[in-house]
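**Student:** no letters, just coordinates:
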């Protein structure tokens with residue numbers, strides 16, 4: 001699912017910030033969409049790596065159990 005915004009920060013910061021930070025206006029709509037797409041691609045890449053590791057572990061575990 002693609003996101004339609006950059007969403008607010010999820011970490012706690014002691015500095016006050018407005019609801020619509022000024023830095024967000026530094027990007028054109030095309031650049032914002034490119035950032036969102038790159039973020040989505042990176043998240044999917046990490047998901048595929050984790051899923052691959054999990055499947056490898058399940059296969060190896062089932063082979064070990066089958067051999068016992």
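**Tutor:** Nice, I can see it. Please read these numbers as outputs of a predicted model, since none were measured by experiment.

**Student:** so which residues of this protein form helices?
**Tutor:** Counting by DSSP state H, residue ranges of the helices within the chain are 29-67.

**Student:** point out where this structure drops to low pLDDT.
**Tutor:** The chain contains residues with pLDDT under 70 at 1-21, 23-24.

**Student:** what's the neighbour count on residue 60?
**Tutor:** 10 (other C-beta atoms under 10 Å). (Glycine included, C-beta is placed from N, CA and C.)

**Student:** same check, this time on residue 36
**Tutor:** Residue 36: 16 neighbours (other C-beta under 10 Å).

**Student:** kindly report the same for residue 33.
**Tutor:** Residue crowding around residue 33 was assessed by other C-beta under 10 Å; the count is 13.

**Student:** ok, now how distant is residue 32 from residue 65?
**Tutor:** Taking C-beta to C-beta, to the nearest Å as the measure, residue 32 falls 49 Å from residue 65.

**Student:** also residue 43?
**Tutor:** With C-beta to C-beta as the criterion, residue 43 and residue 65 are 33 Å apart.

**Student:** so between residue 32 and residue 65, which is more surrounded?
**Tutor:** A direct count of neighbours by other C-beta under 10 Å for residue 32 and residue 65 places residue 32 higher, at 15 against 8.

**Student:** so how far is residue 38 from the more buried one?
**Tutor:** 11 Å.

**Student:** which residues are in contact with residue 66?
**Tutor:** By C-beta atoms under 8 Å, 6 or more residues apart in numbering, no residues touch residue 66.

**Student:** swap in residue 60?
**Tutor:** Residue 60 neighbours (C-beta under 8 Å, 6+ apart): none.

**Student:** next one: it from residue 51, what distance?
**Tutor:** Taken as C-beta to C-beta, the span from residue 60 to residue 51 is 15 Å.

**Student:** go on, residue 65?
**Tutor:** To residue 51, residue 65 is 21 Å away according to C-beta to C-beta.

**Student:** and for residue 41?
**Tutor:** 15 Å.

**Student:** residue 36 too?
**Tutor:** Applying C-beta to C-beta to residue 36 and residue 51 gives a distance of 22 Å.

**Student:** again with residue 31
**Tutor:** Distance from residue 31 to residue 51, by C-beta to C-beta: 30 Å.
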